[in-house]
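**Student:** here's a sequence, model it:
(chains A, B, C and D)
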Protein chains: 2
Amino acid sequence: MARHDDAHKLAAPAADELDARKAAILNAVVTEYIGSAQPVGSQHVVDAPGVNVSSATIRSEMAALEREGYLVQPHTSAGRVPTDRGYRFFVDHLGGTGTLDATGRQQVRRFFEQAHGEIEQMLERTSGLLADLTDCAALVVGPSHESATVRSAQLVGLAPRVGLVVVVLSDGAVQKATVDLPDGAGDEVLARAGACLAAGVRDASLAHLPTELAPAGDPVVDAVAATALAGLRSLVDDEAPEHVFVGGSSRMAAAFDAVETVRSVLTILEQQLVVVSLLRDVLDRGLSVAIGTEHGVEPLASCAVVVAPFSVDGEELGTIGLLGPTRMNYPQALAAAQAVGERLSGRLSEAGR
Amino acid sequence: MARHDDAHKLAAPAADELDARKAAILNAVVTEYIGSAQPVGSQHVVDAPGVNVSSATIRSEMAALEREGYLVQPHTSAGRVPTDRGYRFFVDHLGGTGTLDATGRQQVRRFFEQAHGEIEQMLERTSGLLADLTDCAALVVGPSHESATVRSAQLVGLAPRVGLVVVVLSDGAVQKATVDLPDGAGDEVLARAGACLAAGVRDASLAHLPTELAPAGDPVVDAVAATALAGLRSLVDDEAPEHVFVGGSSRMAAAFDAVETVRSVLTILEQQLVVVSLLRDVLDRGLSVAIGTEHGVEPLASCAVVVAPFSVDGEELGTIGLLGPTRMNYPQALAAAQAVGERLSGRLSEAGR
DNA sequence: GTCAGCAGTCCATACTACCGAGTGCTGACC
DNA sequence: GGTCAGCACTCGGTAGTATGGACTGCTGAC
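**Tutor:** All right, here's what the predicted structure looks like:
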C-alpha cells in the first residue's frame, strides 16, 4: 500500500504531507505522549497500528520527523516529544474529532435534560460540565448584546434621589443603570419619564441608542428621561460587552508540574478581556484548535485552546473554549466542545422559540 | 519576676497568656517567618525589639514555646515555625491591626474615587483590588437579597410564546425569570398580567412572595400572571442567594510550592457554596481571622482566612474575605480588609442615599 | 536567671557511581 | 533500496556517600 503512495508523493505538495507510515508513527507518539506525558521511545511505537516495522526503522523515521520539525528530543538518548507542529498535524490529519465516550455522552445528556434557568446561570454551569468532561479549564463566552434590540425600558425609584433604569433586550438579557434623580422627582415623574424613555429607545440596538428623546412637555420629566438615557448609554462603553465564565481553572494546577507555569496561566485566565479576545481571535481565523504559540498569548505558550461556537437559530452567539496543556487530549476535547456546543445551541434555540 | 508569677500562675488562667519576653520572641518568629517562609532560628530573633537576651536564653524560651504549642520544629536542628496556635496568639495579642502602607492607601483611595457603575461590577473589581493589595486570593460576597423587597415587577414578551419577568428589588438588584406563555398571549394580555403581578408582589420580600394573586377577571390574564409568579418563586430556591466574586486566585499558586496543595485550594475556591458558607461561618463566630483548621474546611488546612463585613447604612450586607497561606501577612491583610470594607460601605451608602 | 561554649543533630548540597532507556550507526539480508 | 538485528554510545535519574552549616540542647560559670 505504501508502495504506490510513493508515486504521487512527488506530485502532491510534499511540504506538509507525511507518508502513511510517518503519519502512523507521529500518531502513535502523540497519542502515547498525551497519555503518559513521558518522552516516547521507538520501542513504545512498535505495536501501534499501521506501523509494521521494527524499532530500528522507527528510529530512522523518527529522526526524519525530528528533522522536519514534528518531534523533538528533550536530550540525546531520550524519547521523542511532539512539537507544536506535530500536534498540529495530529489535529489536522489524524485522530479525527473522536467521539465522547459513553459516560461522557450520558453526562452531557443528563446535564441538558435537567438544565433550566437563565442563560447566564446555564452558561456558568456549562463551563463546569466541560471542565468535568475534559479535565481542562473551560471557557464559555456569552452572547454579545451588541445586536440585540431594546424590548422594554423602565425607570424605577429606589431611594429619594436614586433611580434605576432597567432595559430588557430582545435576547433576554437585562441591563441596568443607576441614575441620580433631581429632588422633586416623585413616582409620577418617574413613570412619565420612563414612558418617554421607553418610547425613545424601543427597538433600538444597545450600540445605537438615540442621543436624545422626544420631549414630553414637562421640563422635569424631560430632564429625568435625559439622565436616564445618559445612564443607559454609559453602560455600553462601560461594561465589557461579553462576560466569560471560567470553570475548572484548578485543573491547570494538575496539568503542569512547574508552579510558576500554573501561576502565569491562572493570571491570564483572570483577565477576561484577554480570554475573550483570545477565543474570538482563534474563531475568527477559522480554527477550532490553537496550539502553543499559534495564538499570540505568550504566557500560554505551553497551552492549547480548543474552541467551538454555539448559536441560536443559526446565529453565532457565543463561544466555548477549552484550555489545556499542549499535550491535552485533542480528540476528546474537540468532541466535548462540539457536542456541548450543539446541545447548548439546541437548548437555547428551543428556549427562545 | 517569674518567681512570683508562679504564685498566681495557678490562680490566674495561665492557659493562653505568655509573659512579655515569650510574646516578644513569638512575635519575632512569626514576623520573620511570614517574611522569609524559612524556619526561624534563635540567632535571627536576638535583635528583635523586646528581646534583650542572648540566643541561648532565646533557645530555652523557644523550647518552652514549643512545649506550649506555639511553635514547632520541622526537624531537630532546624529553626522554629509557628503553629496555628502561634499565629492565633500573634493575631490576638500582637502585631495589632496595622495600617495599610502609603502606596496601599493611595491605591484604595484612587480606586474608590473612580469607582462607578453597578454594585456587582464594583464588587468584582473590589476583589481584584484586594488581591493586588494583599497578594492573597480575595473573596467578596455580595449582599443577600433575602430581605430586599420588590419595587417593581414587569412582564415583557421576548418571542411568541416566551416572556420574561423582571423584578427590581429595593436594594437595586434586578432578578429575572423566563416563562412560557400560552399561545394567544399578546402585548395587552402581557401588560395586564404584568400589572396584576406587580400589584401582587410589590413590597413583598423575595423570600415571602405571595402564593397567589388577586384575579384580574380574565382567565387568560390570570393564568399568565400565575405562571409569571411561579417563575419568580422558582428563582428563590433556584439560584444561590449570594454571588461570590473571587479575585486573584492565581496568587495561591505562588503561595505554596506543592502543586497538589494549589490544586486542592483552587478546587475549593471554585465551589461558591463552600466559600460563602466558610465566610459566613467565620463571621458568625465573631472572628475576623480563621487560621488553619479553625475553619472546618479540611483542604484549606494550610490556609488562613481574614474576613471583614461591609454594610450599607449600618446594615451588614456583605463580606470581604482574604485567603492566603497560614503564614500570610495578617496585619496587612486585616488592615486592607478593614479599610476596603469601610470604603466600600461608605461608597455604597452614599450611592443609595 | 543568664549566657558562652560545646557537642550533637540533621538537612542541603555536591559528588560519584551506576543502571537503563533510548539513540544512531553499521552491515547483512531480502 | 528498504528493512532490521546488533552494537557502541549517550545521558538522565537514582542511590550512596561525604561535607558543610545552621540549628539545637545542655552544662557549668557568673
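**Student:** what sits up against stretch A:266-273?
**Tutor:** Judged by CB atoms under 8 Å, 6 or more residues apart in numbering or on different chains, the contacts made with stretch A:266-273 from elsewhere in the structure are A:137, A:139, A:240, A:243-244, A:246, A:249, A:252, A:274-275, A:297, A:299-300, A:323, B:128, B:247-250, B:253, B:266. C-betas here are computed from N, CA, C, even on glycine.
**Student:** give me the below-cutoff pLDDT ranges for the stretch 251-353 of chain A.
**Tutor:** Within the stretch 251-353 of chain A, the ranges that satisfy pLDDT under 70 run A:351-353.
**Student:** near chain B, which residues of it?
**Tutor:** A:251, A:253-254, A:256-257, A:259-260, A:262-264, A:266-267, A:269-270, A:351-353 (CB under 8 Å from any CB of the partner chain).
**Student:** quick one: buried ones out of the residues you listed?
**Tutor:** Neighbour counting over these (16 or more other CB atoms under 10 Å in any protein chain shown) leaves A:251, A:253-254, A:256, A:259, A:262-264, A:266-267, A:269-270, A:351-352 as the buried ones.
**Student:** Serialize the residues you listed to a markdown table and add fields for secondary structure.
**Tutor:** What follows is these, written out as a markdown table (DSSP: H, G, I helix; E, B strand; the rest coil):
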| residue | secondary structure |
| --- | --- |
| A:Arg251 | helix |
| A:Ala253 | helix |
| A:Ala254 | helix |
| A:Phe256 | coil |
| A:Val259 | helix |
| A:Val262 | helix |
| A:Arg263 | helix |
| A:Ser264 | helix |
| A:Leu266 | helix |
| A:Thr267 | helix |
| A:Leu269 | helix |
| A:Glu270 | coil |
| A:Ala351 | helix |
| A:Gly352 | helix |
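**Student:** pull the most distant pair out of these.
**Tutor:** Comparing all pairs in those by CB to CB, the longest separation belongs to A:Val259 and A:Gly352, at 44.4 Å.
**Student:** residue in the stretch 251-353 of chain A nearest to DNA strand D?
**Tutor:** Here the residue of the stretch 251-353 of chain A nearest DNA strand D is A:Asp257; by CB to the nearest atom of the strand that distance is 11.2 Å.
**Student:** which strands and helices lie in contact with the helix or strand hosting A:Asp237?
**Tutor:** Secondary-structure element containing A:Asp237, defined by DSSP states H and E: helix A:219-238. Under the contact definition 3 or more CB pairs under 8 Å, 6 or more residues apart in numbering or on different chains; DSSP states H and E, helix A:219-238 sits against strand A:150-159, strand A:162-169, strand A:174-180, helix A:187-201.
**Student:** strand A:150-159 and that helix, what's the angle between them?
**Tutor:** Going by axes from the mean of the first three to the mean of the last three CA atoms, to 10 degrees, helix A:219-238 is angled at 110 degrees with respect to strand A:150-159.
**Student:** for helix A:219-238, the distance to its chain's centre please.
**Tutor:** With CA atoms, centre = their mean, to the nearest Å as the basis, helix A:219-238 stands 34 Å off its chain's centre.
**Student:** and that helix, what's buried?
**Tutor:** By neighbour count, and taking 16+ other CB under 10 Å as the criterion, the buried residues in helix A:219-238 are A:220-222, A:224-229, A:231-233, A:235-236.
**Student:** can you give me phi and psi for the residue nearest to A:Leu94 when sequence neighbours are not counted?
**Tutor:** Sequence neighbours aside, A:Asn27 is the residue nearest to A:Leu94 in space, at 4.6 Å (criterion: CB to CB, 6 or more residues apart in numbering or on different chains). Comment: the main-chain dihedrals of A:Asn27 come out as phi -50, psi -50, following degrees, to the nearest 10.
**Student:** leaving out chain neighbours, which residue sits closest to whichever residue of chain A sits closest to DNA strand C?
**Tutor:** Ranking the residues of chain A by distance to DNA strand C (CB to the nearest atom of the strand) places A:Gly41 first, at 2.7 Å. Of all residues beyond its chain neighbours, the one nearest A:Gly41 is A:Gly79 (3.9 Å), with distances taken as CB to CB, 6+ apart.
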